[in-house]
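Q: next one to model:
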Amino acid sequence: MDKRVARRGFLVSGAVVGAGALVAACTSNEPAPAASSAAAAPQANSGGTDNDQPGTKVVIGFSAPAADHGWIAAITKNAQDAAKKYSDVEFKPVEPTNDINQQISAVESLIAAKVGALVILPNDGEQLNQVARKAMDAGIPVINLDRVFPDKLSYRTWIGGDNYGMGVAAGTYIGKTLKDKGVSNPVIL
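A: Numbering: from 1, shown residues only. Next up, the predicted model:
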(Lines give C-alpha, C1' and ligand atoms only; values in the text may rest on other atoms or scores of the structure.)
Protein backbone atom coordinates (compact mmCIF):
# COMPACT_ATOMS: atom_id res chain seq x y z
CA MET A 1 0.00 0.00 0.00
CA ASP A 2 1.29 3.47 -0.83
CA LYS A 3 2.55 5.21 2.34
CA ARG A 4 0.82 8.43 1.33
CA VAL A 5 -2.55 6.68 1.12
CA ALA A 6 -1.96 4.93 4.47
CA ARG A 7 -0.99 8.25 6.05
CA ARG A 8 -4.12 9.98 4.73
CA GLY A 9 -6.27 7.14 6.05
CA PHE A 10 -4.61 7.58 9.42
CA LEU A 11 -5.19 11.34 9.38
CA VAL A 12 -8.84 10.99 8.36
CA SER A 13 -9.32 8.41 11.13
CA GLY A 14 -7.76 10.86 13.58
CA ALA A 15 -10.08 13.60 12.37
CA VAL A 16 -13.09 11.33 12.90
CA VAL A 17 -11.99 10.42 16.44
CA GLY A 18 -11.22 14.05 17.24
CA ALA A 19 -14.55 15.28 15.93
CA GLY A 20 -16.36 12.57 17.87
CA ALA A 21 -14.59 13.62 21.06
CA LEU A 22 -15.43 17.24 20.36
CA VAL A 23 -19.11 16.44 19.78
CA ALA A 24 -19.14 14.44 23.01
CA ALA A 25 -17.53 17.36 24.84
CA CYS A 26 -20.23 19.70 23.51
CA THR A 27 -22.97 17.54 25.02
CA SER A 28 -21.55 17.14 28.51
CA ASN A 29 -22.63 19.15 31.52
CA GLU A 30 -19.67 17.96 33.55
CA PRO A 31 -16.41 19.92 33.74
CA ALA A 32 -13.54 18.39 31.83
CA PRO A 33 -11.19 16.36 34.04
CA ALA A 34 -7.63 17.60 34.38
CA ALA A 35 -5.51 15.86 31.78
CA SER A 36 -2.23 14.30 32.73
CA SER A 37 0.72 15.01 30.49
CA ALA A 38 0.52 11.45 29.15
CA ALA A 39 -3.16 11.80 28.26
CA ALA A 40 -2.75 15.29 26.80
CA ALA A 41 -0.87 14.12 23.71
CA PRO A 42 -2.52 11.13 22.02
CA GLN A 43 0.01 8.69 20.69
CA ALA A 44 -0.39 7.06 17.31
CA ASN A 45 -0.45 3.28 17.39
CA SER A 46 1.63 2.09 14.50
CA GLY A 47 0.66 -1.57 14.94
CA GLY A 48 4.19 -2.63 14.08
CA THR A 49 4.31 -0.64 10.84
CA ASP A 50 6.25 2.42 9.77
CA ASN A 51 3.07 4.52 9.48
CA ASP A 52 4.42 6.94 12.10
CA GLN A 53 7.46 7.67 9.99
CA PRO A 54 7.32 10.82 7.86
CA GLY A 55 6.26 10.15 4.31
CA THR A 56 5.45 12.27 1.31
CA LYS A 57 4.40 15.74 2.38
CA VAL A 58 0.64 16.35 2.26
CA VAL A 59 -0.99 19.78 2.29
CA ILE A 60 -4.35 19.85 4.04
CA GLY A 61 -6.53 22.83 3.17
CA PHE A 62 -8.99 24.01 5.83
CA SER A 63 -12.00 26.31 5.57
CA ALA A 64 -14.45 27.17 8.34
CA PRO A 65 -16.73 30.03 9.28
CA ALA A 66 -15.43 32.84 11.47
CA ALA A 67 -14.72 31.54 14.96
CA ASP A 68 -17.53 33.50 16.60
CA HIS A 69 -18.61 30.31 18.37
CA GLY A 70 -16.45 28.39 20.86
CA TRP A 71 -17.00 25.12 19.07
CA ILE A 72 -15.74 26.45 15.72
CA ALA A 73 -12.73 28.07 17.42
CA ALA A 74 -11.94 24.73 19.10
CA ILE A 75 -12.20 22.83 15.80
CA THR A 76 -9.78 25.26 14.15
CA LYS A 77 -7.28 25.24 17.03
CA ASN A 78 -7.37 21.45 17.36
CA ALA A 79 -6.79 21.03 13.62
CA GLN A 80 -3.78 23.38 13.76
CA ASP A 81 -2.36 21.59 16.81
CA ALA A 82 -2.81 18.12 15.27
CA ALA A 83 -1.07 19.15 12.04
CA LYS A 84 1.95 20.44 14.00
CA LYS A 85 2.59 16.91 15.28
CA TYR A 86 3.58 15.70 11.81
CA SER A 87 6.58 16.98 9.92
CA ASP A 88 5.07 15.81 6.64
CA VAL A 89 1.75 17.64 7.07
CA GLU A 90 1.31 21.26 6.05
CA PHE A 91 -1.87 22.82 7.42
CA LYS A 92 -3.15 25.49 5.06
CA PRO A 93 -6.15 27.33 6.52
CA VAL A 94 -7.90 30.10 4.65
CA GLU A 95 -9.24 33.23 6.32
CA PRO A 96 -12.42 32.29 8.21
CA THR A 97 -15.50 34.18 7.14
CA ASN A 98 -19.26 34.16 7.57
CA ASP A 99 -19.75 35.41 4.00
CA ILE A 100 -20.71 32.53 1.69
CA ASN A 101 -19.13 34.07 -1.41
CA GLN A 102 -15.84 34.69 0.41
CA GLN A 103 -15.78 31.09 1.67
CA ILE A 104 -16.43 29.80 -1.86
CA SER A 105 -13.55 31.96 -3.19
CA ALA A 106 -11.27 30.77 -0.39
CA VAL A 107 -12.04 27.11 -1.13
CA GLU A 108 -11.47 27.74 -4.84
CA SER A 109 -8.02 29.13 -3.95
CA LEU A 110 -7.23 25.87 -2.13
CA ILE A 111 -8.38 23.86 -5.14
CA ALA A 112 -6.17 26.00 -7.40
CA ALA A 113 -3.25 25.37 -5.00
CA LYS A 114 -3.87 21.63 -5.50
CA VAL A 115 -3.94 20.75 -1.80
CA GLY A 116 -3.77 17.04 -0.97
CA ALA A 117 -7.00 17.04 1.06
CA LEU A 118 -9.61 19.62 1.96
CA VAL A 119 -11.51 19.96 5.23
CA ILE A 120 -14.57 22.17 4.91
CA LEU A 121 -16.92 23.27 7.66
CA PRO A 122 -19.33 25.16 5.40
CA ASN A 123 -21.30 28.21 6.41
CA ASP A 124 -24.11 26.54 4.46
CA GLY A 125 -23.79 23.05 2.98
CA GLU A 126 -26.26 23.74 0.19
CA GLN A 127 -24.42 26.83 -1.04
CA LEU A 128 -20.92 25.31 -0.83
CA ASN A 129 -21.96 22.01 -2.39
CA GLN A 130 -20.77 22.90 -5.91
CA VAL A 131 -17.33 24.11 -4.87
CA ALA A 132 -16.84 20.96 -2.77
CA ARG A 133 -17.87 18.87 -5.79
CA LYS A 134 -15.35 20.84 -7.88
CA ALA A 135 -12.63 19.78 -5.40
CA MET A 136 -13.69 16.12 -5.52
CA ASP A 137 -13.79 16.23 -9.33
CA ALA A 138 -10.23 17.62 -9.22
CA GLY A 139 -9.15 14.56 -7.21
CA ILE A 140 -8.97 16.36 -3.86
CA PRO A 141 -10.65 14.34 -1.09
CA VAL A 142 -13.10 16.53 0.86
CA ILE A 143 -13.83 15.97 4.54
CA ASN A 144 -17.19 17.64 5.22
CA LEU A 145 -17.57 18.84 8.82
CA ASP A 146 -20.95 19.37 10.48
CA ARG A 147 -23.19 21.05 7.87
CA VAL A 148 -23.57 18.32 5.28
CA PHE A 149 -23.43 18.85 1.55
CA PRO A 150 -26.60 17.55 -0.13
CA ASP A 151 -24.65 15.79 -2.92
CA LYS A 152 -22.83 12.74 -1.55
CA LEU A 153 -20.36 13.04 -4.44
CA SER A 154 -19.19 16.38 -2.97
CA TYR A 155 -17.31 14.76 -0.09
CA ARG A 156 -15.39 11.62 0.79
CA THR A 157 -16.20 11.69 4.52
CA TRP A 158 -18.81 13.52 6.59
CA ILE A 159 -18.22 14.19 10.28
CA GLY A 160 -21.33 15.41 12.05
CA GLY A 161 -23.36 15.17 15.19
CA ASP A 162 -26.81 13.89 16.00
CA ASN A 163 -28.64 17.06 17.01
CA TYR A 164 -31.90 15.17 17.53
CA GLY A 165 -30.19 12.67 19.82
CA MET A 166 -28.46 15.45 21.75
CA GLY A 167 -31.83 17.23 22.14
CA VAL A 168 -33.48 14.07 23.45
CA ALA A 169 -30.62 13.56 25.91
CA ALA A 170 -30.85 17.19 27.10
CA GLY A 171 -34.64 16.98 27.48
CA THR A 172 -34.38 13.72 29.41
CA TYR A 173 -31.76 15.23 31.73
CA ILE A 174 -33.84 18.37 32.36
CA GLY A 175 -36.99 16.32 32.96
CA LYS A 176 -35.27 13.98 35.42
CA THR A 177 -33.59 16.85 37.26
CA LEU A 178 -36.89 18.73 37.64
CA LYS A 179 -38.68 15.57 38.79
CA ASP A 180 -35.91 14.79 41.31
CA LYS A 181 -36.27 18.34 42.71
CA GLY A 182 -40.04 18.01 42.95
CA VAL A 183 -40.78 20.76 40.43
CA SER A 184 -44.29 20.35 39.03
CA ASN A 185 -45.67 22.18 36.01
CA PRO A 186 -42.34 23.72 34.90
CA VAL A 187 -42.23 26.22 32.10
CA ILE A 188 -39.32 25.43 29.77
CA LEU A 189 -38.45 27.77 26.94
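Q: what strand or helix carries the nearest residue to residue 122 once chain neighbours are set aside?
A: The shortest distance from residue 122 to any non-neighbouring residue, by C-beta to C-beta, 6 or more residues apart in numbering, is to residue 128 (3.9 Å). (Glycine included, C-beta is placed from N, CA and C.) If you go by DSSP states H and E, residue 128 is part of helix 125-137.
Q: run through the chain and note the low-pLDDT ranges.
A: For the chain, residues meeting the criterion pLDDT under 70 lie at 1-49.
Q: apply 80 and report the result again.
A: For the chain, the stretches with pLDDT under 80 are 1-52, 67-69, 162, 188-189.
Q: quick check: the gap between the residue nearest to residue 122 and residue 154.
A: From residue 128 over to residue 154 the distance is 8 Å, taken as C-beta to C-beta, to the nearest Å.
Q: that older thread, what is the burial count for the residue nearest to residue 122?
A: By other C-beta atoms under 10 Å, the residues close to residue 128 number 23.
Q: could we number from 705 for the rest of this?
A: Will do, 705 is the new start, and the previous item becomes residue 832.
Q: mind listing what it touches?
A: In this structure, residue 832 makes contact with 804, 807, 808, 811, 824, 826, 853, judged by C-beta atoms under 8 Å, 6 or more residues apart in numbering.
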